[in-house]
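> Compute the structure for the input listed below.
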Amino acid sequence: MCAEPQLRTEASFWMLAVVNVTGALSEGSLLQPAWDYLLHKHHEVLSSPLFPVLLAVCTYFFLIGLYTTLDLLAPTWPCINRHRLHPDKAITWPNIWTTLVLTISNHLLYICPTAVAQWLWRSPTPLPKEAPTLCSFLLGIFGCTVVFDFQYYIWHLMHHRVPWLYRSFHAVHHQYNQPFSLVTQYLSGWELASVGFWATIDPILLQCHCLTTWGFMVFNVYVSIEDHCGYDFPWSMHRMVPFGLWGGAPKHDSHHQKPGTNFAPFFSHWDWLAGTQAAPQATVQRSRT
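Numbering: from 1, shown residues only. Coordinates of the predicted model:
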């Protein structure tokens, strides 16, 4: 007796989803059916102030888990090792433990208290019924990436040019001159807070839909890890973006070897305009061998 109303509810939901798919295709909002499903099935989770933090943290640890697995397999798997920027220098367990301990400590000391504070003091996130159009979704992520890239370029340049800032905050990150994925958040608390603040505030400044905001957060975590991963895969971002507009892992690896160059985290135009651009050292060395 109780199953029949539930079946009718489920049937009506899926009929509504079919209607939404048809309407979305006609109106150009291809994301609407997926957004309707998320609102129907996971509204409480998505509206929680904890959700963005959990999304970013889970994405980060999932990706560094993948790259760390590659690092451990690389010495005995030539098909992986040949894509490393420094194939002759293996990532060791002491490297992994040292960077992992600081990463977890930063999460416990800074990210967890911030997340709990948001959960206690912020009201649930309002979720609009309409999804962003695919165009606005992609443009929003692109816009946030451009703004973040400029902010971090200025911040990064200052923390290299002002000795006190470098010694006090940024020198921790440069303890490794050949980065690997876990070096991404091998940071001082100040640097971690700064990066997290910009990643949070930029979608608000650009008035992005919450789905766009979450998409930017995941993308930002991914490209940050890729910058530090120490690999040059055929599908890496710097190979996908034309005209050398994306720095990627080779240029950021060069920054860790020549700290006065390649300050921009993602794009390469600011380093080109400011004269701080340098050719990737690992790529030059590999081309000579």
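> Pick out the residue closest to the middle of the chain.
By CA atoms, centre = their mean, the chain has its centre lying nearest to residue 221, at 1.2 Å.
> And for the nearest residue in space to residue 50 that is not next to it in sequence, the neighbour number?
In space, and not counting its chain neighbours, residue 50 is closest to residue 119: 5.0 Å by CB to CB, 6 or more residues apart in numbering. (Each C-beta comes from the backbone N, C-alpha and C, glycine too.) The local packing of residue 119 (other CB atoms under 10 Å) involves 13 other residues.
> In contact with residue 119: list those residues for me.
Contacts for residue 119 (CB atoms under 8 Å, 6 or more residues apart in numbering) come out as 48-50.
> where's the strand or helix carrying it relative to the chain centroid, distance-wise?
Assigned by DSSP states H and E, residue 119 falls within helix 112-121. On the basis of CA atoms, centre = their mean, to the nearest Å, helix 112-121 sits 21 Å off its chain's mean C-alpha point.
> Please point out which parts of that helix sit buried.
For helix 112-121, the neighbour count (16 or more other CB atoms under 10 Å) marks 115, 118 as buried.
> What is the following helix or strand past that helix packed up against?
Next along the chain after helix 112-121, taking DSSP H and E as the criterion, comes helix 134-161. Judged by 3 or more CB pairs under 8 Å, 6 or more residues apart in numbering; DSSP states H and E, helix 134-161 is in contact with helix 189-205, helix 210-228, helix 269-274.
> average model confidence for helix 134-161?
Average pLDDT, helix 134-161: 96.
> Also stretch 190-197?
For stretch 190-197, mean pLDDT rounds to 92.
> So what touches it?
Everything outside stretch 190-197 that qualifies as a contact, by CB under 8 Å, 6+ apart, is 106, 110-111, 114, 152, 155, 159, 168-170, 172-173, 185, 187.
> out of those, which are buried?
For those, buried by 16+ other CB under 10 Å: 106, 110-111, 152, 155, 159, 169-170, 172-173, 185, 187.
> which pair in the residues you listed spans the largest distance?
The most widely separated members of the buried ones among the contacts of stretch 190-197, counting by CB to CB, are 111 and 159 (20.7 Å).
> pretty sure residue 89 contacts residue 178?
Yes. Residue 89 lies in contact with residue 178 (CB atoms under 8 Å); the separation is 6.2 Å.
> Which one's more surrounded, these two?
residue 178 (17 against 12).
> how much space between that one and residue 92?
12 Å (CB to CB, to the nearest Å).
> likewise residue 219?
Residue 219 is 30 Å from residue 92, by CB to CB.
> what about these two, which has more around it?
More neighbours surround residue 219 than the other of residue 219 and residue 92, with 17 against 12 (other CB under 10 Å).
> On the pLDDT front, check the more buried one for me.
97.
> burial of the nearest residue to residue 269 once chain neighbours are set aside, as a residue count?
Spatial nearest neighbour of residue 269, chain neighbours left out: residue 245 (6.6 Å); criterion: CB to CB, 6+ apart. Using other CB under 10 Å, residue 245 has 12 neighbouring residues.
> Next up, the contacts around residue 245.
Applying CB under 8 Å, 6+ apart, we find residue 245 in contact with 267-269.
> top of those residues by neighbour count?
Result: residue 268 is most packed of the contacts of residue 245 (other CB under 10 Å), 20 neighbours.
> any idea how far residue 199 is from that one?
In this view, residue 268 and residue 199 are 20 Å apart by CB to CB.
> Enumerate the positions of the helix or strand encompassing residue 61 that are buried.
Assessed by DSSP H and E, residue 61 sits inside helix 51-73. For helix 51-73, the neighbour count (16+ other CB under 10 Å) marks 51-53, 55-56, 59-61, 63-64, 67-68, 70-72 as buried.
> Next: stretch 266-277.
266-271, 276-277.
> Switch the residues you listed over to TSV; also include pLDDT and distance to residue 250.
Shown next, in TSV, are these (pLDDT from 0 to 100; distance: CB to CB, whole Å):
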residue	pLDDT	distance to residue 250
266	95	13
267	96	14
268	94	11
269	94	17
270	95	17
271	95	13
276	92	16
277	92	12
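> So of these, which two are at opposite extremes in space?
So, those by CB to CB: farthest apart are 266 and 276, at 14.6 Å.
> that older thread, reformat the contacts of stretch 190-197 as JSON lines; add distance to residue 254.
Output for those, formatted as JSON lines (distance: CB to CB, whole Å):
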{"residue": "106", "distance to residue 254": "26"}
{"residue": "110", "distance to residue 254": "29"}
{"residue": "111", "distance to residue 254": "29"}
{"residue": "114", "distance to residue 254": "33"}
{"residue": "152", "distance to residue 254": "17"}
{"residue": "155", "distance to residue 254": "19"}
{"residue": "159", "distance to residue 254": "18"}
{"residue": "168", "distance to residue 254": "24"}
{"residue": "169", "distance to residue 254": "22"}
{"residue": "170", "distance to residue 254": "17"}
{"residue": "172", "distance to residue 254": "20"}
{"residue": "173", "distance to residue 254": "15"}
{"residue": "185", "distance to residue 254": "20"}
{"residue": "187", "distance to residue 254": "19"}
